[in-house]
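[1] how would this look folded up:
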Amino acid sequence: MPSSPSVSRVVLGTDHAGYLLKEAVKKHLISKKIDVVDCGCFSEVSCDYPEFMIKAASAVKEYKCPGIIFGGSGNGEAMVANKVHGIRCARCVSEWDAEMGRKHNDAQMMSLGGRVTTPELACKMVDIFLSTPFEGGRHEKRLKQFPDAE
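    Next comes the predicted model:
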């Protein structure tokens, strides 16, 4: 199982419910000398998540780097990110989800729930997601069938 991230930059985005988890993951990434592009939000004050998820997904496309988004459950956030043309965002609740999101789906983004995920598990999933390569093969053929495949 991969354990060390192999990227130099990561985009982050959150709403108020995921703010504390985003901050924990941000600290983890910075400790690994990974450049963080933080698209907000920047507090636990209630806000609407779509704005921040669209910013984060757009930044992933612009910087051509992975992204991690956060919310209460991570569900709505993943749904919004997946509406951005060419983005594949995997909602992850386990280490296996993080691995398969990359290995089989070539997800550029992962979505985590601040109300359902501990910082320790989140950091493990992030490391797995960032260090797992896309397997290609039969999965590549399937990804080309996505309605917004690039």
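[2] point to the helix or strand of the chain where mean pLDDT is at its lowest.
    helix 138-143 (a mean of 77; mean pLDDT, DSSP states H and E).
[3] strands of the protein, start to end?
    In the chain, the strands defined using DSSP state E lie at 9-14, 35-38, 67-71, 89-91, 109-113.
[4] quick one: list the elements packing against the longest helix along the chain.
    The longest helix of the chain (DSSP state H) is helix 49-63. Applying 3 or more Cβ pairs under 8 Å, 6 or more residues apart in numbering; DSSP states H and E, one finds that helix 49-63 contacts strand 9-14, strand 67-71, helix 75-81, strand 109-113. Yep, even glycine has a C-beta here, placed from its N, CA and C like the rest.
[5] now do 6 Å
    If contacts are counted by 3 or more Cβ pairs under 6 Å, 6 or more residues apart in numbering; DSSP states H and E, helix 49-63 sits against strand 9-14, strand 67-71, helix 75-81.
[6] between the strands of the chain, which one is nearest to residue 137?
    Nearest of these to residue 137, taken as Cβ to Cβ: strand 89-91 at 18.5 Å.
[7] can I get the strands of the chain in JSON lines including mean pLDDT?
    Listed next are the strands of the chain as JSON lines, based on pLDDT from 0 to 100:
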{"stretch": "strand 9-14", "mean pLDDT": "98"}
{"stretch": "strand 35-38", "mean pLDDT": "98"}
{"stretch": "strand 67-71", "mean pLDDT": "98"}
{"stretch": "strand 89-91", "mean pLDDT": "98"}
{"stretch": "strand 109-113", "mean pLDDT": "98"}
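[8] what about residue 144, how many residues nearby?
    By the measure other Cβ atoms under 10 Å, the count of residues near residue 144 is 9.
[9] next one: the one 3 residues further on
    Neighbourhood size, residue 147 [other Cβ under 10 Å]: 5.
[10] where does pLDDT dip in this structure?
    By pLDDT under 70, the weakly predicted segments of the chain are 1-5, 145, 149-150.
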